[in-house]
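S.K.: Below are the sequence and a predicted model for it; my questions follow.
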Amino acid sequence: LIGDASSTHSLPTMSGKHTDLPTIDPSTMSSLFDSSSNFTIIDCRYPYEYQGGHIQGAINTYTEQRIQTFMESRLHSTKNDILIFHSEFSLHRGPNLMRFLRSMDRKQNSHRYPELNFPEIYLLDGGYKAFYQ
């Protein structure tokens, strides 16, 4: 189930290195570009990595402060995008910032548990490197 337990994942998940995080493979990510799904790609790499090349439409959000700013900017949005996190290999930065967002979302919505502002989030398996291989 997605984070607020309201429905199942809309994307097929796989088991990855981070068993606590719903993970998608690069081909699932590619298929999103041909679908009508609303999704946002969170590129957790450093700015110089992002500027060297990034997935089309990705936003560069590489610190906890930037995650908080992102969350605040979407707080009153009526559309619940699917969020997809990644870093270079999705080993540390992407998973850690994904966990941070989930933790902050839980805190902000503790008064109406289990509701969330961002119920459907995923990690891109293998990160940016795997996506472009």
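M.R.: Sure thing, it's come through. Numbering: from 1, shown residues only.
S.K.: Confirm that His76 sits in a helix.
M.R.: No: checked against DSSP: H, G, I helix; E, B strand; the rest coil, His76 lies outside a helix; its state is coil.
S.K.: Check what pLDDT it gets.
M.R.: Listed pLDDT for His76 reads 74.
S.K.: same thing with Asn80?
M.R.: Note on Asn80: pLDDT of 65.
S.K.: in the chain, which spans are helices?
M.R.: Here the chain has its helices, by DSSP state H, at 26-32, 47-51, 64-73, 93-108, 127-131.
S.K.: Kindly compare burial across these and name the winner.
M.R.: helix 127-131 (a mean of 20; mean count of other Cβ atoms under 10 Å). The C-beta positions use only the backbone N, C-alpha and C, and glycine is treated the same way.
S.K.: Ala5 and Gly16, how far apart?
M.R.: From Ala5 across to Gly16, the span is 21 Å (Cβ to Cβ, to the nearest Å).
S.K.: and if you look at Gln68?
M.R.: The value you get for Gln68 to Gly16, if Cβ to Cβ is used, is 26 Å.
S.K.: same check, this time on Arg106
M.R.: Separation of Arg106 from Gly16 (Cβ to Cβ): 22 Å.
S.K.: One more: Ser73?
M.R.: To Gly16, Ser73 is 28 Å away according to Cβ to Cβ.
S.K.: Thank you kindly, that will do.
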